[in-house]
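> from the sequence below, what's the structure:
(one chain, ligands or ions: 1)
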Amino acid sequence: MAPPHNRRTPPAFDPTVPGLAARHVAREAVATLLGPARGLALEDALAQAGRGARLEPGEAALARAIATASFRRLGFIKAALAARLRDGVPKDRPHLLALLVTGAAQILDLAVADHAAVDLSVRLTKADPQLQHLAPLVNAVLRRIAREREAIRAQEGDPLTHNTPDWLAHRWRTTYGEAAAHRIAIAHLEGAAVDLTVPRDLETWADRLGGLRLDLGSIRLAEVRDSVAELPGYTEGAWWVQDAAAALPVRLLAPGPGERVADLCAAPGGKTAQIAAAGATVTAVDRSAARLERLGRNLERLGLSAEVVTADALELPEDAPFDAVLLDAPCSATGTIRRHPDVAWTKNETDVIRLAGLQRRLLDKAARLTRPGGRLVYCTCSLEPEEGGGQIADFLNRNPDFERIALTPERLAGHAELIDASGDLRTLPSHLAGGTGRAGGLDGFFASLLRRRG
Ligand SMILES: C[S@@+](CC[C@H](N)C(=O)[O-])C[C@H]1O[C@@H](n2cnc3c(N)ncnc32)[C@H](O)[C@@H]1O
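Residues are numbered from 1 along each chain as shown. Below you'll find the model as predicted:
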């Protein structure tokens, strides 16, 4: 029997009501991820829900903000709803839950007038044939959330216990210890800054953009009001958006002019651009043609070039090994929860184990593509040890012709806290916190610099 969500009659809301289409798209995307469609990213769910809705850029940004706020504080929001619903939060009714969660997120966390948040949520409920009889309930609960906002905020409690899925909280306590796990959960409540990688004239661009020059080498913008495409230097290709931590693996690889470098999981190309900007000849491989199209557009804007190969990296020929190889492997992405809070709620332990298996095969392949004496950097944007240090420990056991080049603080502008006990890069969302108020923190990246013995 098909699950109930497949038999759903689509809501027929009035598209002329200001703000309603954005709420509809946010609600549909959140419902998709709260339902059985695990594995989808919020960006993709929003794109799917937005098809046909014809949102203006401002409305699309509002839909994204509502959906993102819903996941950023999902644990807190569900607790607040549960305390105000006789039967607790609805289970197996993702569209109802998403209506309540997106409504509450607007009231608790976004600068949306309470009456707009309540009224538009009620309109969406009435437009939904399966839920319209629940409009009085949605109205009453959201009004109560608005009335009791201060008390709700005061009762939120510890984000590691109450706003982090148990499996992740347990893992981070075990891996990083109680205090660090708390700092990670706190960092996830903050938004992330916009960091830029600027290959030339860093000082000049920091001044022109009014950004902070981080000693790790990036420029940090505390706030971007409009789209980044409106900022000076975008059209000329003077910089690209890349988290300061995401820029570190290529800095460790240190590609040089004339070197042949393979970027094995390359799209959308932030790291390919770094390698090309360093003057190396880069072969950018990815199995996703759609993502490689984005890489092509990005490189074109930046005036950089690469040999682009659409292929499964596991199938690449091994007859012409490279001077240096970067493997930015597909991963659970639990290091990016500040930017993508949906990750915490849509991934699970099985994903981590499955991805660690794929990473192991890709790493062995990357090793065979590295020439004797060449360098290999393995990295992931995950906080999970199986996708980081555990992966490298196993790799070195299997591949005695490789050695780790342990990092020293000098390679990271003196930031010894970014180096783990084995000498690998281990950034956490709580690192660099407080740098520029709300805009502190780093994505959680792991990277290991390896050398094939000559
Ligand atoms: C973490 S993302 C890469 C981000 C990219 N390096 C950057 O800096 O912009 C991982 C990429 O791996 C690609 N991928 C996954 N499995 C692959 C495989 N077997 N072969 C090639 N690419 C793969 C995905 O399509 C995705 O684009």
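
> up against the ligand, what does this structure have?
Neighbours of the ligand within the chain, by C-beta under 6 Å from any ligand atom: 265-271, 285-288, 291, 312-314, 328, 330. The way it works is simple: take the backbone N, C-alpha and C, and place the C-beta from them, glycine included.

> what sits up against the longest helix along the chain?
Looking across the chain with DSSP state H, the single longest helix is helix 349-368. Around helix 349-368, the neighbours that count as contacts under C-beta atoms under 8 Å, 6 or more residues apart in numbering are 39, 167, 262, 264-265, 313-314, 316, 318, 321, 325, 327, 329-332, 334, 376, 378, 380, 382, 384, 386-387, 390-391, 394-395, 398-399, 402, 450, 452.

> so for that helix, what gets flagged as buried?
351-352, 355-356, 359-360, 362-363, 365-367 (16 or more other C-beta atoms under 10 Å).

> and which of those residues is nearest the ligand?
Of all the buried residues of helix 349-368, L362 has the smallest distance to the ligand: 6.2 Å, by C-beta to the nearest ligand atom.

> on the pLDDT front, check the closest one for me.
If you check L362, the pLDDT there is 98.

> tell me the SS of the closest residue to the ligand within the stretch 251-400 of the chain?
When distances are taken as C-beta to the nearest ligand atom, the stretch 251-400 of the chain reaches nearest to the ligand at C265, 3.1 Å away. For C265, the assignment made with DSSP: H, G, I helix; E, B strand; the rest coil gives coil.

> beyond the longest strand belonging to the chain, next helix or strand please.
Ranked by residue count and defined by DSSP state E, the top strand of the chain is strand 370-380. Using DSSP states H and E, the helix or strand that follows strand 370-380 in sequence is helix 389-398.

> that following helix: how far from the chain's middle?
Remark: helix 389-398 is offset 25 Å from the chain centroid, using C-alpha atoms, centre = their mean, to the nearest Å.

> a strand runs through L55, doesn't it?
No. Using three-state DSSP, the assignment for L55 is coil, not a strand.

> tell me if I'm right that it and V25 touch.
Yes. Between L55 and V25 there is a contact at 6.3 Å, judged by C-beta atoms under 8 Å.

> correct me if wrong: Q106 contacts A65.
No. In this structure, Q106 is not within contact of A65 by C-beta under 8 Å, at 9.1 Å.

> now do R411 against D286, distance only.
Distance, R411 to D286, by C-beta to C-beta, to the nearest Å: 28 Å.

> so the two - more neighbours on which side?
Between R411 and D286, counting by other C-beta atoms under 10 Å, D286 is the more crowded of the two (26 against 18).

> now do the same contact list for the closest residue in space to the more buried one that isn't next to it in sequence.
Leaving aside its sequence neighbours, D286 sits nearest to A267 (C-beta to C-beta, 6 or more residues apart in numbering; 4.0 Å). A267 makes contacts with 284, 286, 288, 291-292, 294-295, as judged by C-beta under 8 Å, 6+ apart.

> by neighbour count, which of those residues wins?
Highest neighbour count within these, by other C-beta under 10 Å: A284, with 28 neighbours.

> the residue nearest to it when sequence neighbours are not counted: how many residues sit nearby?
Among residues not flanking A284 along the chain, A266 sits closest, at 3.7 Å (C-beta to C-beta, 6+ apart). For A266, the neighbour count with other C-beta under 10 Å is 27.

> do the same with the one 5 residues further on
K271 has 24 neighbours, counted by other C-beta under 10 Å.

> residue of the stretch 51-200 of the chain closest to the ligand, please.
Nearest residue of the stretch 51-200 of the chain to the ligand, counting by C-beta to the nearest ligand atom: T197, 10.2 Å away.

> that residue - how many residues pack around it?
24.

> which residue is the nearest non-sequential neighbour of it?
Q242 (4.4 Å).

> which residues does the one you found contact?
For Q242, the contact set (C-beta under 8 Å, 6+ apart) comprises 195-197, 218, 270, 274.

> TSV for the residues you listed, including pLDDT, secondary structure and distance to L20?
As requested, the contacts of Q242 are exported to TSV (pLDDT from 0 to 100; DSSP: H, G, I helix; E, B strand; the rest coil; distance: C-beta to C-beta, whole Å):
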residue	pLDDT	secondary structure	distance to L20
D195	96	strand	35
L196	98	strand	35
T197	98	strand	39
S218	97	coil	39
G270	98	helix	36
Q274	98	helix	43
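
> care to break the protein down by domain?
4-156, 234-452 (automatic domain parsing).

> lowest average pLDDT across those?
domain 4-156 (a mean of 92).

> all the helices of the stretch 1-150 of the chain, residue numbers only.
Taking DSSP state H, counting those that start in this stretch to define them, one finds helices in the stretch 1-150 of the chain at 20-34, 42-50, 57-72, 74-82, 94-109, 114-126, 135-147, 149-154.

> dump the ones you listed into TSV; add distance to S305 and mean neighbour count as well.
Output for the helices of the stretch 1-150 of the chain, formatted as TSV (distance: least, C-beta to C-beta, whole Å; neighbours: other C-beta atoms under 10 Å):
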stretch	distance to S305	mean neighbour count
helix 20-34	36	26
helix 42-50	27	19
helix 57-72	30	21
helix 74-82	42	21
helix 94-109	43	25
helix 114-126	47	20
helix 135-147	53	18
helix 149-154	51	12
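
> ok, which of those comes nearest H162?
H162 lies closest to helix 74-82 among the helices of the stretch 1-150 of the chain, at 5.2 Å (C-beta to C-beta).

> could you dump that closest one to PDB, C-alpha only?
This file holds the C-alpha atoms of helix 74-82, laid out as PDB (Å, rounded to 0.1, in the frame of the first residue of the first chain):
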ATOM      1  CA  LEU A  74      13.800  21.800  15.600                       C
ATOM      2  CA  GLY A  75      14.400  20.200  18.900                       C
ATOM      3  CA  PHE A  76      13.400  23.300  20.900                       C
ATOM      4  CA  ILE A  77      10.400  24.000  18.600                       C
ATOM      5  CA  LYS A  78       9.000  20.500  18.900                       C
ATOM      6  CA  ALA A  79       9.300  20.600  22.700                       C
ATOM      7  CA  ALA A  80       7.400  23.900  22.700                       C
ATOM      8  CA  LEU A  81       4.700  22.500  20.500                       C
ATOM      9  CA  ALA A  82       4.500  19.200  22.400                       C
END
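
> and the angle for it with helix 94-109?
For helix 74-82 against helix 94-109, the angle by axes from the mean of the first three to the mean of the last three C-alpha atoms, to 10 degrees is 100 degrees.

> so what does helix 74-82 touch, helix or strand wise?
When contacts are defined as 3 or more C-beta pairs under 8 Å, 6 or more residues apart in numbering; DSSP states H and E, helix 74-82 packs onto helix 94-109, helix 135-147, helix 159-162.

> any residues touching the second one, and which ones?
Outside helix 135-147, the residues that touch it by C-beta under 8 Å, 6+ apart are 80-81, 84-85, 99-100, 103-104, 107-108, 114, 117-118, 121-122, 125-126, 131, 152.

> one more time with 6 Å
The contact list for helix 135-147, computed with C-beta atoms under 6 Å, 6 or more residues apart in numbering, reads 84, 99, 103-104, 107, 114, 118, 121-122, 125-126.
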